[in-house]
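*Asks:* pasting the structure only:
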DNA sequence: TATTTAAGCAACATTGTGTCAATTAAGAGT
DNA sequence: ACTCTTAATTGACACAATGTTGCTTAAATA
């Protein structure tokens, strides 16, 4: 096992790589929905039929294009954790920082993915909406932003995303807790944070 | 101004209502992407051309169908806030609860919207991914779930959503802070919560 | 080199889209 | 009740994207 046994034809790898690159390129120019299979294969300089030899839909292509990047991040985190097994992972910023660095590194990709998204960006509209309300309340309650303190813009985004995520989880799991319970847990996490969960 | 002056033709209102109902009905059965204009107008018992008299795309129809519900929630929160102007909005769960109650009330709608979303649900996949990592770390750091404590399942969703939202904001605003700064703020909010921002 | 198989090519039926002109019928205002 | 306005219906149209097929060419592997 000196070399990983070459089982996939080079041409296959080459085609897939070209298709992936072409799609990401196009996504920087026009919205994902407006991209056709023909657009992709044209950009990749290959026949349209070739696309179907590898993928069924453009969504499939996109998803597989992303997987490698995710795996890369996962591996990096894995290494970090296993190389310092005693370091409490939540105690410092290291883990979070790996994530943000990863995003920064692939900013071009994530930008096109996250910029305008499904249903004409309905998810962003929902989060934006929550963030706007949260921002108003933050200002009302915490007052104007203190010097050197975390900007309200950030904390309201934080709150909005957290709430959104809990709502999605709640809905998709058929509401295993009451609205009152969810609100209570949500509120506690927002105001006190996770360290509140530490055994006293 | 005794009555709101009727300016829009009843037929228009009726058609739009039917189209909206038809779309939401269909979204409970098949995925949004697979729904055609013809499917919608068939379900609404009207001609396909009629659709184009009101909307340009099905996304437009969906968005307008949602607006009324959003406004409803916004109004409810507004009322709550202005009726108790002195009550610190973040101090209790009341505001959060309004949100979760609203979602519960329109669960059927939100379920279809949030269930499978753009790019074949790529956003959910990203959040799921972060949540999985967060969950592992939560268990490793906070130990097994304490009795009566917030379930790790919830707190990891909370963390995932918050991070996702910050990442999106960061990317869409062309990264106005460094990865290190973002990680630091993110981590502090996660562990200490928003009350940490209160003036001492 | 011989064999395998990916990619190219051209054509095809199918389906959804968006628009249009002419017609019918329902609502609004008097 | 009558008239004017305009929404909705209908059938048709050109256009574009899809997914598949049979055959050919050429590249990679062993």
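*Replies:* Arrived safely. Owing to the predicted nature of the structure, the values given are computational and were not obtained by experimental measurement. Residues are numbered from 1 along each chain as shown, chains lettered A, B, ... in the order given.
*Asks:* so what's residue A:36 up against?
*Replies:* Counting by CB atoms under 8 Å, 6 or more residues apart in numbering or on different chains, residue A:36 touches no other residue. Where you see a C-beta, it was placed from the backbone N, CA and C, and this is true even at glycine.
*Asks:* pLDDT score assigned to it?
*Replies:* At residue A:36, the predicted lDDT confidence score is 96.
*Asks:* Likewise for residue A:200?
*Replies:* 56.
*Asks:* quick one: low-confidence ranges for chain A?
*Replies:* A:1-6, A:84-94, A:116-121, A:199-200 (pLDDT under 70).
*Asks:* One more pass at 80, please.
*Replies:* A:1-7, A:67-70, A:77-78, A:80-95, A:108, A:112-122, A:125, A:137, A:140-148, A:196-200 (pLDDT under 80).
*Asks:* Could I get the full set of helices for it?
*Replies:* Along chain A, counting by DSSP state H, helices occupy A:10-27, A:37-43, A:48-54, A:58-83, A:94-105, A:107-115, A:118-142, A:152-172, A:179-192.
*Asks:* Out of those helices, which one sits most buried?
*Replies:* helix A:152-172 (a mean of 24; mean count of other CB atoms under 10 Å in any protein chain shown).
*Asks:* and that helix, what other elements does it pack with?
*Replies:* Here helix A:152-172 touches helix A:118-142, helix A:179-192, helix B:94-105, helix B:107-115, helix B:118-142, helix B:152-172, helix B:179-192, going by 3 or more CB pairs under 8 Å, 6 or more residues apart in numbering or on different chains; DSSP states H and E.
*Asks:* if we can go back for a sec, nearest to residue B:7, out of the helices of chain A?
*Replies:* Ranking the helices of chain A by their distance to residue B:7 (criterion: CB to CB) puts helix A:118-142 first, at 27.6 Å.
*Asks:* quick one, the closest one and helix B:94-105 angle?
*Replies:* With axes from the mean of the first three to the mean of the last three CA atoms, to 10 degrees defining the directions, helix A:118-142 sits at 160 degrees from helix B:94-105.
*Asks:* Which elements pack onto helix A:118-142?
*Replies:* For helix A:118-142, the packing partners by 3+ CB pairs under 8 Å, 6+ apart come out as helix A:152-172, helix B:58-83, helix B:107-115, helix B:118-142, helix B:152-172.
*Asks:* what angle do the shortest one and helix B:10-27 make?
*Replies:* Angle, helix B:107-115 to helix B:10-27, by the same axes, to 10 degrees: 60 degrees.
*Asks:* what's the spacing between helix B:107-115 and its chain's center?
*Replies:* Between the centre of helix B:107-115 and the centre of its chain there are 9 Å (CA atoms, centre = their mean, to the nearest Å).
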